[in-house]
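Participant: any chance you could fold what I've pasted below:
(one chain, ligands or ions: 1)
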Amino acid sequence: MPGVVVVGAGIVGSSVAYHLARQGTSVTLLDQNPSSAMGVTGDSFAWIGGCGGDWPGGAQDLRGFVLEDWRRLETELPDVAVRWTGSLTWTDDQGEHDAPLGPGRLRVGRSDIAVLEPNLRHPPEQAIHTPSDGGVDPSAVTNALVDAARGHGATVIQNSVVTSLSVTGGRVEGVQSSTGFHAASTVVLAAGTGISQLCEPLPRDLPVAASPACLVRLTAPAGLVKAIVASPDFEVREVRDGDLLLTLPWTGGTAAISPEQAMRDAHHRLKAAFHGSNSCHLLGYRIGRRPMPAQGPAIGYIAQDRSVYVADMHAAVTLAPTVGRLVADELVTGKPSRELRSCRPDGPSR
Ligand SMILES: Cc1cc2nc3c(=O)[nH]c(=O)nc-3n(C[C@H](O)[C@H](O)[C@H](O)COP(=O)(O)OP(=O)(O)OC[C@H]3O[C@@H](n4cnc5c(N)ncnc54)[C@H](O)[C@@H]3O)c2cc1C
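Facilitator: The predicted structure is shown next:
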């Protein structure tokens, strides 16, 4: 009996493969790139938040598990280290000052902000502090998941471009790839923005938008930025001692300025925002294409005979440990997960 084939060694596919392999399931993880996390995962800001932000569609049902699953992963895998720094968020919108806050979020004033983020030159009058937020090095986590999956017996094949699902008598029996045919009891498509194309032979399609966002890397004095700082100008966090990640809203081809110019502007704004930032140096930028299924996370079987399963979502760094656990449980036990019922590619199930 063939095992499960997972297509895509981003953070989603790697988490699914790890959680399957640790339960003793036979797994083959395929990716077109020479190493894992070379899709959008490697270009992620990788802010893990269980409290604020948008939780479209079925993501709302998963948010309550996010922090617990990340803490579990930290205990299971020594190479997974979350920087539990908390976050500070503020906008220019005065109306937000009085908007109700959800649990786990605190409104803090200028003096508290100055303590939390002592290098800010001009702390705002108010901000939202979410102490439970954290961030990771997304490539390091993905590599740790792949290594651990391998340690539990998974086969990992890089440089394997999956060209199509292999359909015999109406049933998907595996995948065709540049490394040959790989037979599967179930194919899990965790190919991010590549999913729609792979779904083409199936009776139904899965539209996934590719939303561009810009990630800038800088070196900085260690500890210059303490928390995850989300200001109207940029979001910035320290990913490793002395290395900053900074994100910018990016409108792709319609932007009035080039990404190089946007990166230089952000660098200037960062220097204007923080004391001690003169020695910050730009390392470079990348425009990542974030997979965005229209209705929120699309997770579940996409073929009636259960031969193909999809796992595609935005904010997948935040969600990966929870989704990996729930998907693996569902595939291993055959019992539909209650928590995933609003994430189905066909719409919510009962
Ligand atoms: C600038 C930026 C900031 C972000 N900030 C955050 C954040 O703060 N928090 C958060 O949670 N998320 C954030 N995201 C989004 C997050 O990065 C993505 O949701 C997540 O990385 C998606 O992971 P994935 O595994 O689905 O996709 P990917 O990482 O793209 O993985 C898909 C994999 O499939 C492989 N693949 C595709 N097609 C094929 C094929 N035919 N054959 C073989 N392999 C194939 C690719 O090579 C790739 O490795 C951000 C993204 C960007 C760009």
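Participant: alpha carbons only for contacts and neighbour counts from here, please
Facilitator: Noted.
Participant: quick check: residues of the stretch 201-350 of the chain near the ligand?
Facilitator: Applying C-alpha under 6 Å from any ligand atom, one finds that the stretch 201-350 of the chain approaches the ligand through 213-215, 247, 288-290, 312-318.
Participant: mind doing that once more with 8 Å?
Facilitator: Contact residues, the stretch 201-350 of the chain versus the ligand (C-alpha under 8 Å from any ligand atom): 212-215, 247-248, 286-292, 311-319.
Participant: same question, the stretch 1-150 of the chain
Facilitator: Checking the stretch 1-150 of the chain against the ligand by C-alpha under 8 Å from any ligand atom, the hits are 7-14, 30-33, 36-49, 135, 138.
Participant: if we can go back for a sec, please, a PyMOL command that selects the buried ones among the residues of the stretch 201-350 of the chain next to the ligand?
Facilitator: The command below creates a PyMOL selection of those among those that count as buried (16 or more other C-alpha atoms under 10 Å):
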select buried, resi 212+213+214+215+247+248+286+287+288+289+290+291+292+311+312+313+314+315+316+317+318+319
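Participant: tell me the contacts of the spatially most central residue of the chain?
Facilitator: Compute the mean C-alpha point of the chain, and by C-alpha atoms, centre = their mean the closest residue is V317, 2.4 Å away. Contact analysis of V317 by C-alpha atoms under 8 Å, 6 or more residues apart in numbering lists I11, V12, T41, S44, A46, W47, I48, P138.
Participant: list the contacts for the closest residue to S26 other than its chain neighbours?
Facilitator: Excluding the flanking residues, the one nearest S26 by C-alpha to C-alpha, 6 or more residues apart in numbering is G3, at 4.8 Å. Residues in contact with G3 (C-alpha under 8 Å, 6+ apart) are T25, S26, V27, T28, A183, A184, S185, T186.
Participant: can you tell me the closest non-neighbouring residue to A127?
Facilitator: A127 sits nearest to W90 (C-alpha to C-alpha, 6+ apart), 4.8 Å away.
Participant: got phi/psi on that neighbour?
Facilitator: Taking degrees, to the nearest 10, you get phi -150, psi 160 for the backbone angles of W90.
Participant: check contacts around it.
Facilitator: W90 neighbours (C-alpha under 8 Å, 6+ apart): P124, Q126, A127, I128, A230, S231, P232.
Participant: among the residues of the stretch 201-350 of the chain next to the ligand, which are in strands?
Facilitator: Among those, DSSP state E puts 212-215, 247-248, 286-292, 311-312 in strands.
Participant: look up how far A140 lies from the residue nearest to the centre of the chain.
Facilitator: Counting by C-alpha to C-alpha, to the nearest Å, the gap from V317 to A140 is 12 Å.
Participant: equivalent analysis for M38, please.
Facilitator: 11 Å.
Participant: what is the burial count for V162?
Facilitator: Using other C-alpha atoms under 10 Å, V162 has 22 neighbouring residues.
Participant: which residue packs closest to it, ignoring adjacent ones?
Facilitator: S177 (4.1 Å).
Participant: got the phi/psi numbers for the one you found?
Facilitator: Main-chain dihedrals, S177, degrees, to the nearest 10: phi -150, psi 170.
Participant: so where does S160 fall, helix or strand?
Facilitator: Under DSSP states H and E, no helix or strand contains S160.
Participant: distance between the helix or strand of the chain with the lowest mean pLDDT and the chain's centre?
Facilitator: Across the helices and strands of the chain, mean pLDDT, DSSP states H and E gives its lowest value to helix 259-273, namely a mean of 89. With C-alpha atoms, centre = their mean, to the nearest Å as the basis, helix 259-273 stands 25 Å off its chain's centre.
Participant: what residues of that helix count as buried?
Facilitator: P259, A262, M263, A266, H267, L270, K271, A273.
Participant: ok, stretch 293-303 next?
Facilitator: P293, A294, Q295, G296, P297, A298, I299, G300, Y301, I302, A303.
Participant: now do the end-to-end distance for that stretch.
Facilitator: With C-alpha to C-alpha, one end of stretch 293-303 sits 18 Å from the other.
Participant: and for stretch 283-302?
Facilitator: Span of stretch 283-302 from end to end, C-alpha to C-alpha: 41 Å.
Participant: as a markdown table, the contacts of W90 with pLDDT and secondary structure would be great.
Facilitator: Shown next, in a markdown table, are the contacts of W90 (pLDDT from 0 to 100; DSSP: H, G, I helix; E, B strand; the rest coil):
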| residue | pLDDT | secondary structure |
| --- | --- | --- |
| P124 | 95 | coil |
| Q126 | 95 | strand |
| A127 | 95 | strand |
| I128 | 95 | strand |
| A230 | 95 | strand |
| S231 | 93 | coil |
| P232 | 89 | coil |
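Participant: quick one, which of the residues you listed are buried?
Facilitator: Counted by 16+ other C-alpha under 10 Å, the contacts of W90 give P124, Q126, A127, I128, A230, S231 as buried.
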